[in-house]
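Student: Can you look at this prediction? I've put the sequence above it.
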2 protein chains.
Amino acid sequence: MLEGKHIVIIGGDARQLEIIRKLSRLQAKLSLVGFQQLDDGFIGASKEGIDDINWSNVDAVILPVSGTDAHGSVETVFSNEKVILNRKHLQQSPKHCVIYSGISNEYLTDITKKANRKLVKLMDRDDIAIYNSIPTAEGALMIAIQHTDITLHNADIIVLGLGRTGMTIARTFSAIGAKVKVAVREADLLARATEMGLKAIPISDLEQHSEACDLFINTIPALVLTEKVLAKIPTHSLIIDLASKPGGTDFDYAEKRGIRAQLVPGLPGIVAPKTAGIILANVLTELILEQ
Amino acid sequence: MLEGKHIVIIGGDARQLEIIRKLSRLQAKLSLVGFQQLDDGFIGASKEGIDDINWSNVDAVILPVSGTDAHGSVETVFSNEKVILNRKHLQQSPKHCVIYSGISNEYLTDITKKANRKLVKLMDRDDIAIYNSIPTAEGALMIAIQHTDITLHNADIIVLGLGRTGMTIARTFSAIGAKVKVAVREADLLARATEMGLKAIPISDLEQHSEACDLFINTIPALVLTEKVLAKIPTHSLIIDLASKPGGTDFDYAEKRGIRAQLVPGLPGIVAPKTAGIILANVLTELILEQ
């Protein structure tokens, strides 16, 4: 139970509703900033302006996955008000107050540091990344089915990377009958791909495996689908790039060759906002209980 | 090789192109009716009007999956001309000439019978139905991912029927981590579902299993999702009905209760026209070679 805890939830999209729902059920006192258009009443929750909050008893601040922009502005899907979080807000909070955000930037890192408050970046956590890889893989499935004229069953697919997301992608596509090759650099990942019953390719050999491939799914945040590799890819093939911006594909060259390539970060919030919200709510609850 | 065989291909969509491609490669002589806007040149193929064909040496006629309408008109995606197949065309063909269609209707059955020619309904064949169940399952995956706000992984799914399509659906959704229950009537199918590691439900018990279900996928061509069952279904759940028209759902009652229910026949041609065409082309080639 979170009775007696005061938590400020600032902005965000449908995922935040699952967080509010769970924290409300655990009897936390919630101040909701940027939720004016939200109709649902949650027990123990009140809509407040960011400057009206009694910061002196705030135990935790929850920002959306995107955090703030470079000027401190927070995305608010459920409100038209402009919400800006600044250092003064945080300085008024007690020393033990923790700031939770999906990702951070220079602004957010700077104000939490100067206010001497702890900042937790949820998207850096392995557990969140692994749970999120499930809706990400389903989003990739959806895109691949939509944008090809063949079945994924029996299709030739190369998955680049076998990390937290790559492993889920490789397993999911293989499970529905695709012929999955996994391109990785490290010897242990080559071994793991082989153990999974998949064809392991040293990434240095990618070029020679690219000629007969229908679909590439990249999870490596570095330029791996280079001009040299793309020159070998059949023009009917599709590239789904899941790596964080700017992705791992030479998109300009892909366009020149007429190869369809999509950078699609943030799939969990798009294809399964409820599940993505529950993932965040579960981990956040654990973290606040441990505080 | 189909050298010396004269085959008339009448109308259809992108799937027909795979059939033309394969038969052309096997050196058949092809008369294409209803393909005026088709740019690709295929060796041994010529575009002709249905009345200009020398029917006296035609070995096979290939109609699209939909066959003809009630007046003999054939769908032509690649042409604006109106193409009507009648009994006189068939009567001019040699006795061994076989008519291949996806499905039939009273008109088509009648003219082939009166002309005393053999009619093969491809969609009645088990092999075609099983091959087609693969793109059907991928289409169902796509719709389910698009139209729910949760992941299919860990979702509660009931598949109705374990026939040619139901088995593929059950296996596919189970493979990506859904909790799949299979509702069937026959004792052997209850045994098969259990062998597959799935939860088998006698269809008479469907009602009591419906309360905690996120997604229903029906493959049974009879009214199984009745008012009585639908009354128990949570309103957030989605029904994908893959049975041939009119499906197995009481759609009027579903709408009254605000339950989303979609009848989606013909997924292979929509989500994977190339694969669906190759499936038809492979089976057709075998059948014509055996003629």
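Tutor: That came through fine. Residues are numbered from 1 along each chain as shown, chains lettered A, B, ... in the order given.
Student: What sits closest to residue A:20 if chain neighbours are left out?
Tutor: residue A:42 (5.5 Å; CB to CB, 6 or more residues apart in numbering or on different chains). For the C-beta atoms, the positions are set from N, CA and C on the backbone; glycine is no exception.
Student: Might one say that the one you found is in contact with residue A:18?
Tutor: No - in this structure, residue A:42 is not within contact of residue A:18 by CB atoms under 8 Å, at 11.4 Å.
Student: What residues sit buried inside the longest helix anywhere in chain A?
Tutor: Across chain A, the longest stretch assigned as helix under DSSP state H is helix A:126-146. Residues A:128-129, A:131-145 are the ones in helix A:126-146 that count as buried (16 or more other CB atoms under 10 Å in any protein chain shown).
Student: Then stretch A:245-264?
Tutor: For stretch A:245-264, burial by neighbour count (16+ other CB under 10 Å) applies to A:247, A:248, A:249, A:250, A:251, A:253, A:254, A:259, A:261, A:262, A:263.
Student: ranges for the strands of chain A?
Tutor: Residue ranges of the strands in chain A, as given by DSSP state E, are A:6-10, A:29-33, A:45-47, A:60-62, A:73-74, A:83-84, A:98-101, A:118-121, A:156-160, A:179-184, A:199-202, A:215-218, A:238-241, A:260-263.
Student: dump the residue contacts of residue A:226.
Tutor: With contacts defined as CB atoms under 8 Å, 6 or more residues apart in numbering or on different chains, residue A:226 is in contact with residue A:250.
Student: pLDDT value on it, please?
Tutor: In the prediction, the pLDDT value recorded for residue A:226 is 97.
Student: distance of it from residue A:205?
Tutor: In this view, residue A:226 and residue A:205 are 14 Å apart by CB to CB, to the nearest Å.
Student: centre of the chain versus stretch A:55-66, how much separation?
Tutor: Its chain's average C-alpha position is 20 Å from that of stretch A:55-66, according to CA atoms, centre = their mean, to the nearest Å.
Student: check whether it contacts chain B.
Tutor: No - legend: contact between stretch A:55-66 and chain B by CB under 8 Å from any CB of the partner chain is lacking; minimum distance shown is 15.9 Å.
Student: got the residues of the stretch 1-150 of chain A near chain B?
Tutor: A:14, A:134-135, A:137-139, A:141-142, A:145-146, A:148-150.
Student: try it again with 7 Å
Tutor: A:134, A:135, A:138, A:141, A:142, A:145, A:146, A:149, A:150 (CB under 7 Å from any CB of the partner chain).
Student: among those, which two are most distant?
Tutor: When the residues of the stretch 1-150 of chain A next to chain B are compared pair by pair using CB to CB, the farthest-apart members prove to be A:134 and A:149, with a separation of 26.8 Å.
Student: doesn't residue A:155 make contact with residue A:214?
Tutor: Yes - between residue A:214 and residue A:155 a contact is recorded at 4.5 Å, counting by CB atoms under 7 Å.
Student: Any idea how many residues pack against residue A:274?
Tutor: Residue crowding around residue A:274 was assessed by other CB atoms under 10 Å in any protein chain shown; the count is 17.
Student: Which residue comes closest to it once chain neighbours are left out?
Tutor: Counting by CB to CB, 6+ apart, residue A:274 lies nearest to residue B:149, which is 4.1 Å off, once chain neighbours are set aside.
Student: Contact partners for that neighbour?
Tutor: With contacts taken as CB atoms under 7 Å, 6 or more residues apart in numbering or on different chains, residue B:149 has the following neighbours: A:272, A:273, A:274.
Student: Turn these into JSON lines, columns for pLDDT.
Tutor: Converted to JSON lines, those look like this (pLDDT from 0 to 100):
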{"residue": "A:272", "pLDDT": "96"}
{"residue": "A:273", "pLDDT": "95"}
{"residue": "A:274", "pLDDT": "96"}
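Student: wait, which of those residues is closest to residue B:267?
Tutor: Closest approach between the contacts of residue B:149 and residue B:267, by CB to CB: residue A:272, at 21.8 Å.
Student: Would you mind stating the distance between that closest one and chain B?
Tutor: From residue A:272 over to chain B the distance is 5 Å, taken as CB to the nearest CB, to the nearest Å.
Student: which one is that residue nearest to, not counting chain neighbours?
Tutor: With CB to CB, 6+ apart, the residue lying closest to residue A:272 is residue A:135, at 4.0 Å.
Student: Then residue A:221?
Tutor: In this structure, residue A:221 finds its nearest non-sequential neighbour in residue A:243, 4.3 Å apart by CB to CB, 6+ apart.
Student: is it true that residue A:248 touches residue A:221?
Tutor: Yes - distance between residue A:248 and residue A:221: 6.4 Å, which falls inside the contact criterion (CB under 7 Å).
Student: was I right about the residue nearest to residue A:221 contacting residue A:218?
Tutor: Yes - under the criterion of CB under 7 Å, residue A:243 lies in contact with residue A:218, with a separation of 5.6 Å.
Student: Compare these two and say which is more crowded by neighbours.
Tutor: With neighbours defined as other CB under 10 Å, residue A:243 and residue A:218 compare such that residue A:218 has more, 27 against 23.
Student: would a markdown table of the residues of the stretch 1-150 of chain A next to chain B with pLDDT and distance to residue B:116 be doable?
Tutor: Rendered in a markdown table, the data for those read as follows (pLDDT from 0 to 100; distance: CB to CB, whole Å):
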| residue | pLDDT | distance to residue B:116 |
| --- | --- | --- |
| A:134 | 98 | 58 |
| A:135 | 98 | 58 |
| A:138 | 98 | 53 |
| A:141 | 98 | 49 |
| A:142 | 98 | 49 |
| A:145 | 98 | 44 |
| A:146 | 97 | 46 |
| A:149 | 96 | 39 |
| A:150 | 97 | 39 |
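Student: Could you single out the nearest of those to residue A:75?
Tutor: The nearest member of the residues of the stretch 1-150 of chain A next to chain B to residue A:75, counting by CB to CB, is residue A:135 at 19.5 Å.
Student: need the contact list for the closest one.
Tutor: The contact partners of residue A:135, taken as CB under 7 Å, 6+ apart, are A:267, A:268, A:271, A:272, A:275, A:276, B:151.
Student: So among those, which ones count as buried?
Tutor: Burial by neighbour count, 16+ other CB under 10 Å: within these this picks out A:267, A:268, A:271, A:272, A:275, A:276, B:151.
Student: Redo the residues you listed as JSON lines? Include distance to residue A:199.
Tutor: Compiled in JSON lines, the buried ones among the contacts of residue A:135 are given as follows (distance: CB to CB, whole Å):
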{"residue": "A:267", "distance to residue A:199": "25"}
{"residue": "A:268", "distance to residue A:199": "28"}
{"residue": "A:271", "distance to residue A:199": "28"}
{"residue": "A:272", "distance to residue A:199": "29"}
{"residue": "A:275", "distance to residue A:199": "31"}
{"residue": "A:276", "distance to residue A:199": "31"}
{"residue": "B:151", "distance to residue A:199": "27"}
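Student: Give me the subset of these that lies in helices.
Tutor: A:267, A:268, A:271, A:275, A:276.
Student: Taking these together, which two end up most distant?
Tutor: Of all pairs in those, the most separated under CB to CB is A:267 and A:275 at 11.3 Å.
Student: hmm, back to that, make JSON lines from the residues of the stretch 1-150 of chain A next to chain B and add distance to residue A:83 to it.
Tutor: Written out in JSON lines, the entries for the residues of the stretch 1-150 of chain A next to chain B read as follows (distance: CB to CB, whole Å):
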{"residue": "A:134", "distance to residue A:83": "31"}
{"residue": "A:135", "distance to residue A:83": "27"}
{"residue": "A:138", "distance to residue A:83": "31"}
{"residue": "A:141", "distance to residue A:83": "35"}
{"residue": "A:142", "distance to residue A:83": "32"}
{"residue": "A:145", "distance to residue A:83": "38"}
{"residue": "A:146", "distance to residue A:83": "35"}
{"residue": "A:149", "distance to residue A:83": "45"}
{"residue": "A:150", "distance to residue A:83": "46"}
